[in-house]
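J.: When you get a sec, could you give me coordinates for this:
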Amino acid sequence: MTVLVVSGTGTEIGKTVVTAAVAAVARAAGRSVAVLKPAQTGVGPGERGDADEVVRLAGDGVTPVELVRFPEPLAPATAARRAGMAPVAPEEVARAARKLAEEHDLVLVEGAGGLLVRYDAEGGTLADAARLLEAPVLVVAPAALGTLNMATLTGEALRARGLAQLGVVVGSWPDEPGLAERCNITDLPESAGAPLLGAVPAGAGALPVEAFRERAASWLAPTLGGTWDAEAFAAAVRC
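T.: Residues are numbered from 1 along each chain as shown. Here you go, the predicted structure:
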């Protein structure tokens, strides 16, 4: 697996922190890593974007690449139109990822929002970029009520396009999960149609970087290079 596309079931659910955890684990294993952010929205010139945050958390050995930046926190196609700027198309994303893959062991392509958010006026999406790359997709989902429906819809969209879903990672696992969160751990794999591959604790992105890098493997399953055990975790939270 050289290129991995990281998408979400929505926004503000921990996608960047999960991407950083995957990068940190890969770097600890001695792999060279690049993180590609096709479209960064809601960030002004000189401000830190998501790719920069991945580098901060995972380490300086990660190469950050941002294709385009739009100032307003909107879907990329909308943000591009309002800014009077050229959008980024799936073909551009695929070209950039392939170029990075020539020089890195792992390329993480972090999308904006969900799988089918529009990137250009033609309706191009992150799913289209994944199809061009023939890359698996890692889905980041919240733990709370409503996540099963979102995970189901995302899984159906992936399968309808012939895309491989590597698995699902809970992007922000609460310190004190309620009944819905605990039961969702059991139900998410069936709803998504893919294995549960991790649960990143809420607030992980605020940890000291040394602690983040040391603990990242314990949040991710062996498929992602970590040590997290889905069955043991589900048994511990007891739905």
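J.: how about Glu103, secondary structure?
T.: coil (DSSP: H, G, I helix; E, B strand; the rest coil).
J.: quick one, what contacts it?
T.: By CB atoms under 8 Å, 6 or more residues apart in numbering, the contact list for Glu103 reads Ser32, Ala34. C-beta here means a position set from N, CA and C on the backbone, and glycine is covered the same way.
J.: For Ala180, which non-adjacent residue is closest in space?
T.: Leu145 (4.3 Å; CB to CB, 6 or more residues apart in numbering).
J.: distance of the one you found from Val139?
T.: Leu145 sits 18 Å away from Val139, going by CB to CB, to the nearest Å.
J.: More neighbours: which of the two?
T.: Taking other CB atoms under 10 Å, Leu145 and Val139 do not tie; Val139 has more neighbours (28 against 13).
J.: my guess is that one is in a strand, correct?
T.: Yes. According to three-state DSSP, Val139 belongs to a strand.
J.: separation between it and Arg81?
T.: Counting by CB to CB, the gap from Val139 to Arg81 is 27 Å.
J.: re earlier: sticking with the residue nearest to Ala180, tell me its helix or strand.
T.: Per DSSP states H and E: Leu145 is located in neither a helix nor a strand.
J.: Same check on Val68?
T.: strand 62-70.
J.: chain center to that strand, what's the gap?
T.: 15 Å (CA atoms, centre = their mean, to the nearest Å).
J.: Also stretch 185-197?
T.: Distance, centroid of stretch 185-197 to centroid of chain: 16 Å (CA atoms, centre = their mean).
J.: Buried residues of it, list them for me.
T.: Ile185, Asp187, Leu188, Pro189, Ser191, Ala192, Ala194, Leu196, Leu197 (16 or more other CB atoms under 10 Å).
J.: In strands only, show me those.
T.: Among the buried residues of stretch 185-197, DSSP state E puts Leu196, Leu197 in strands.
J.: With pLDDT and distance to Ala97 as new columns, can the buried residues of stretch 185-197 be given to me in JSON lines?
T.: Conversion of the buried residues of stretch 185-197 to JSON lines gives the following (pLDDT from 0 to 100; distance: CB to CB, whole Å):
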{"residue": "Ile185", "pLDDT": "96", "distance to Ala97": "31"}
{"residue": "Asp187", "pLDDT": "96", "distance to Ala97": "32"}
{"residue": "Leu188", "pLDDT": "96", "distance to Ala97": "27"}
{"residue": "Pro189", "pLDDT": "96", "distance to Ala97": "27"}
{"residue": "Ser191", "pLDDT": "96", "distance to Ala97": "28"}
{"residue": "Ala192", "pLDDT": "96", "distance to Ala97": "24"}
{"residue": "Ala194", "pLDDT": "97", "distance to Ala97": "21"}
{"residue": "Leu196", "pLDDT": "98", "distance to Ala97": "26"}
{"residue": "Leu197", "pLDDT": "98", "distance to Ala97": "21"}
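J.: and the two most separated of the buried residues of stretch 185-197?
T.: Asp187 and Leu197 (15.4 Å; CB to CB).
J.: count of residues packed around the nearest residue to Ala39 once chain neighbours are set aside?
T.: Leaving aside its chain neighbours, Ala39 sits nearest to Pro76 (3.8 Å; criterion: CB to CB, 6+ apart). Counted with other CB under 10 Å, residues neighbouring Pro76 total 26.
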